[in-house]
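Trainee: got a predicted structure plus its sequence, pasted below:
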Amino acid sequence: MRAYAPRVKTGKTFMGSQVAKIVESKNSKFPEGTYIVGEYGWKTHTISNGKGTVSGLPSAWIIPDIGNLPHSLALGVLGMPGNTAYFGLLELCQPKAGETVIVTGAAGAVGSHVGQIAKIKGCRTVGVAGSDEKGKWLVDELGFDHFINYKKDDLRSKIKEFAPYDCYFDNVGGEISSMIMAYMSLYGRISVCGAISGYNDTTVPKATIVQYPLLFNQLRMEGFVVQRWVDRWFEGVEQNKKWINEGKLKYKETVTHGFENMYAAFADMLRGGNTGKAIVKV
Ligand SMILES: NC(=O)C1=CN([C@@H]2O[C@H](COP(=O)(O)OP(=O)(O)OC[C@H]3O[C@@H](n4cnc5c(N)ncnc54)[C@H](OP(=O)(O)O)[C@@H]3O)[C@@H](O)[C@H]2O)C=CC1
Ligand SMILES: C/C=C/C(C)=O
């Protein structure tokens, strides 16, 4: 959301996905009482023609049968972030059993999911995040093999300690990513998902030369937006649901209550206040 924010003109509704209940309908495809996910932005109520999105994600979609799981998961592990982890890791990094996968933003919605898929695929998994409490959750509850606290640890020596990396799932960009790229295996794969370390920058940073490791280790680095797999959307949702029901995929939500607290929740997420998916319950 933050990556697209500069495109939102002052005075326009800010972008965002929501789970909503249809309270009135003239469209038989969206009957009253149905729970949907829509890209309607920061609003309490929406009048929709069932088409059109803010960011090109799927048009409003009806949440499939998820049993007793909460509907809010359709904004996280069973929605866009879940599909970002599923397709972004499996399609671009193609992790194989026995390989080492490192992920930044590891305690966030996407990163915590990426690390667990890597474990499901039989990989050794290293997570980078900003607090020891987050690290404890990653290792003790989600099964990550190692954790690096990028705010506290000697970053380069820790990155080196767990190297080499066959796959890097990059949520943050910047210097952390440049360092990781220097410790990758021959033919390593990098999935560029986000660059949150730069979302609040107001000046252009000086770039580290990452071409040396890319060249000499013959790395493949590819960016993506999850919309690429819009035609396979429900494959991701169904697989993630199956993993949850099998006890292989865990999730956490950081829930803020009240529409009036939306901005505070958003700013807190950018500061690392969330673990797992940041949700606002209106
Ligand atoms: N390509 C695509 O299609 C998609 C890309 N994304 C991107 O994926 C990334 C993760 O998204 P998501 O899981 O929803 O994010 P989260 O909502 O989980 O939050 C982001 C986390 O990033 C960490 N962070 C913040 N600033 C920095 C920094 N300067 N350096 C390192 N880490 C930082 C914080 O945790 P900490 O305590 O560890 O600092 C924060 O909790 C984002 O970059 C997002 O833009 C998301 C969805 C789709
Ligand atoms: C679909 C979301 C994209 C980013 C970069 O957050």
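Mentor: Perfect, I can see it now. The structure displayed is predicted, hence computed values, not measured ones. Ligands and ions are numbered 1, 2, ... in the order given.
Trainee: which single residue of the stretch 51-200 of the chain ends up nearest ligand 2?
Mentor: G194 (4.8 Å; C-beta to the nearest ligand atom). In this view, the C-beta of every residue, glycine as well, is placed from N, C-alpha and C.
Trainee: helix or strand: which one has that residue?
Mentor: Take DSSP states H and E as the rule and G194 turns out to sit in neither a helix nor a strand.
Trainee: how about the contacts made by the nearest residue to it once chain neighbours are set aside?
Mentor: Leaving out its chain neighbours, the residue that sits closest to G194 by C-beta to C-beta, 6 or more residues apart in numbering is N171, at 4.7 Å. Shown in contact with N171 (C-beta atoms under 8 Å, 6 or more residues apart in numbering): 103-106, 108, 110-111, 193-194, 196.
Trainee: quick one: which of the residues you listed is most hemmed in?
Mentor: V103 (36 neighbours; other C-beta atoms under 10 Å).
Trainee: who's the closest spatial neighbour of that one, skipping the chain neighbours?
Mentor: In space, and not counting its chain neighbours, V103 is closest to F169: 4.2 Å by C-beta to C-beta, 6+ apart.
Trainee: could you list which residues are in contact with the one you found?
Mentor: Shown in contact with F169 (C-beta under 8 Å, 6+ apart): 88-89, 93, 101-104, 111, 114, 191, 193.
Trainee: if I look at it, how far off is T46?
Mentor: Between F169 and T46 the distance is 33 Å, computed by C-beta to C-beta, to the nearest Å.
Trainee: just confirm the residue of the stretch 51-200 of the chain closest to ligand 2 contacts S177, I think it does.
Mentor: No: taking contacts as C-beta atoms under 8 Å, G194 lies outside contact range of S177: 10.3 Å.
Trainee: overlap of the contact sets of these two?
Mentor: Joint contacts of G194 and S177 (C-beta under 8 Å, 6+ apart) are D170.
Trainee: quick one on the thing from earlier: restrict the contacts of N171 to contacts with ligand 1.
Mentor: By C-beta under 6 Å from any ligand atom, the members of the contacts of N171 lying near ligand 1 are 105, 108, 110-111, 193-194, 196.
Trainee: looking at these, which is nearest D231?
Mentor: Nearest to D231, judged by C-beta to C-beta, of those is C193 at 19.5 Å.
Trainee: and that closest one, what does it touch?
Mentor: 84, 88, 110, 169-171, 223-224.
Trainee: and those residues, which two are the farthest apart?
Mentor: Spatially, the most separated pair among these is V110 and G223, at 14.1 Å (C-beta to C-beta).
Trainee: returning to that earlier point: out of the contacts of N171, who's nearest G33?
Mentor: V110 (30.9 Å).
Trainee: just the element for the closest one, please.
Mentor: helix 109-120.
Trainee: swap in D166?
Mentor: D166 belongs to strand 165-170 when assigned by DSSP H and E.
Trainee: partner strands of that strand, parallel or antiparallel?
Mentor: If you go by DSSP bridges, strand 165-170 pairs up with strand 100-104 (parallel), strand 184-192 (parallel).
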